[in-house]
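In: Give me a 3D structure for the following:
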Amino acid sequence: MTPLKLDDPLAAATPPPAPEERPAEKPAATPRPPRTRTRSGGGARKTAAASPQVDAPTDGEHQAWRSWGRGTRAQTYKLPDQLIEELDARTTTLNLPIGMTVAAAIVAALDLKDDELITLVERAEEARERGRRAARRLH
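Out: Okay, the predicted model is just below:
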């Protein structure tokens, strides 16, 4: 099996482009309350704090897709082992860089309509809970 390939988080950072080189930013959409996990661990609830809501792009926006500056940073999130293994296998099979594959997946998720993204996250939470219950049955 081919070893996991990662983008180098210690690579020298390059400064962001000059203001005249940066793409124009879109105005923020109407804010909506963020969803947070409930104490029981299942589902999500709305809170009073507001966060920006981003509308899914139209077909014309998909042509430009995204434009990022040169800066990068390492970020850590806990993900299920099986998901990491699936990501490694898929990127290895397709000979894709893991970092950009993850970035593309995040962008694809962020391009979903709010209700579609919420449904997707709820499905992921249900899958995690099913895995936890299965692990408890084994022990």
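In: in the chain, which spans are strands?
Out: 35-37, 44-46 (DSSP state E).
In: average pLDDT for the first one?
Out: Yep, that's strand 35-37 we're talking about. The average pLDDT for strand 35-37 rounds to 50.
In: Use 57 as the first number from now on
Out: Right, with 57 as the first residue, what we last looked at is strand 91-93.
In: For the longest helix seen in the chain, which helices and strands make contact with it?
Out: In terms of residue count, the longest helix belonging to the chain (DSSP state H) is helix 170-194. Counting contacts by 3 or more Cβ pairs under 8 Å, 6 or more residues apart in numbering; DSSP states H and E, helix 170-194 packs against strand 100-102, helix 154-166. All C-beta spots, glycine's among them, are computed from the backbone N, C-alpha and C.
In: Only the buried residues of that helix, if you could.
Out: L173 (16 or more other Cβ atoms under 10 Å).
In: quick one, it and helix 154-166 angle?
Out: 120 degrees (axes from the mean of the first three to the mean of the last three Cα atoms, to 10 degrees).
In: quick revisit: and the helices and strands packed on helix 170-194: which comes nearest I174?
Out: strand 100-102 (7.5 Å; Cβ to Cβ).
In: Comparing the helices and strands packed on helix 170-194 by mean pLDDT, which bottoms out?
Out: Among the helices and strands packed on helix 170-194, strand 100-102 scores lowest, with a mean of 46.
In: still on that earlier bit, possible to save the helices and strands packed on helix 170-194 as CSV with distance to L173?
Out: Below are the helices and strands packed on helix 170-194 laid out as CSV (distance: least, Cβ to Cβ, whole Å):
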stretch, distance to L173
strand 100-102, 11
helix 154-166, 6
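In: Which of these sits closest to L194?
Out: Of the helices and strands packed on helix 170-194, nearest to L194 by Cβ to Cβ is strand 100-102, at 28.0 Å.
In: how many other residues sit next to T148?
Out: 15 (other Cβ atoms under 10 Å).
In: again, but for A160
Out: 13.
In: try T128
Out: As a measure of burial, T128 has 15 neighbours, counting by other Cβ under 10 Å.
In: Find me the pLDDT at it, would you?
Out: Reported pLDDT for T128: 85.
In: Could you tell me the phi and psi values at it?
Out: phi -140, psi 160 (degrees, to the nearest 10).
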